[in-house]
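*Asks:* here are the coordinates; sequence isn't available:
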């Protein structure tokens, strides 16, 4: 009995020691796409990656650029045991809080192949780490990033799923019919003034026509950008009150919905 107790104590001490040394590692990753120098943000837990390859998650920021919010989400994903890479869509150091500038930056991507191509450049960096199980890769995005995640899935990127947090709808092209394998989780603000009912209906019809497996969840009272704790401040500074705003219950519930979705898509591969 005493020997068993000593072994149990030793095992507990070893686990405690491992936990003490485990930490979320973050790194800036400089890369290039189409002549534009980019700087992404990699995050992973060194204790979990030491045990083998982990699911990978590409994080695509809001139209503000690769800011602290997007990097914080990557760190949260790393703490959950995933390898996360927050992609740079605009260029090294290009971040703004001016909605006019953000609109100009994001506007160069909508309706163009560049949207998926730039996101795919980040996905390639995630896969290059050697830390990721290539059969368990997903993309999440916020606002502009949610739209980009949709476009990335349509491009045939090797994703098992995407999560769009208050992302504008991007209709599935005819080429997506029967070819897109990624499952979609669409998390929307029920009071989002930026998405018109007719646009939402056309979007969902395009997904159904393409036979894409999707779930769509609406959060009552939530407007655009409901996951970002800085949304109220940004709204006040940028003249966007009533359009964007933080909603704590919707933010919490949508993040939990993502985790449940990940359990499904990652377990199935």
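*Replies:* Now that the structure is in, tell me what you want to look at. The structure displayed is predicted, hence computed values, not measured ones.

*Asks:* which SSE is the residue nearest the centre of the chain in?
*Replies:* With distances taken as CA atoms, centre = their mean, the residue of the chain nearest its centroid is residue 140 (2.1 Å). Secondary structure assignment for residue 140, by DSSP states H and E: strand 132-142.

*Asks:* Bridged to residue 42, which residues?
*Replies:* residue 27, residue 85 (DSSP bridges).

*Asks:* wait, it sits on residue 24?
*Replies:* No. Applying CB atoms under 8 Å, one finds residue 42 not in contact with residue 24, separated by 10.6 Å. C-beta: built from backbone N, CA, C; applies to glycine.

*Asks:* Lowest-scoring secondary structure element of the chain by mean pLDDT?
*Replies:* Ranked by mean pLDDT, DSSP states H and E, the weakest helix or strand in the chain is helix 2-21, scoring a mean of 45.

*Asks:* which SS state does the closest residue to the residue nearest to the centre of the chain other than its chain neighbours fall under?
*Replies:* In space, residue 140 comes closest to residue 163 once its chain neighbours are excluded; the distance is 4.2 Å by CB to CB, 6 or more residues apart in numbering. Of the three states, residue 163 takes strand under DSSP: H, G, I helix; E, B strand; the rest coil.

*Asks:* ok, residue 141 - contacts?
*Replies:* The contact partners of residue 141, taken as CB atoms under 8 Å, 6 or more residues apart in numbering, are 59, 60, 61, 147, 148, 149, 162, 163, 164, 165, 167.

*Asks:* what helix or strand is residue 259 on?
*Replies:* Here residue 259 is assigned to helix 248-267, by DSSP H and E.

*Asks:* that older thread, compute the number of surrounding residues for the residue nearest to residue 140.
*Replies:* 28 (other CB atoms under 10 Å).

*Asks:* what's the distance between it and residue 264?
*Replies:* Separation of residue 163 from residue 264 (CB to CB, to the nearest Å) stands at 12 Å.
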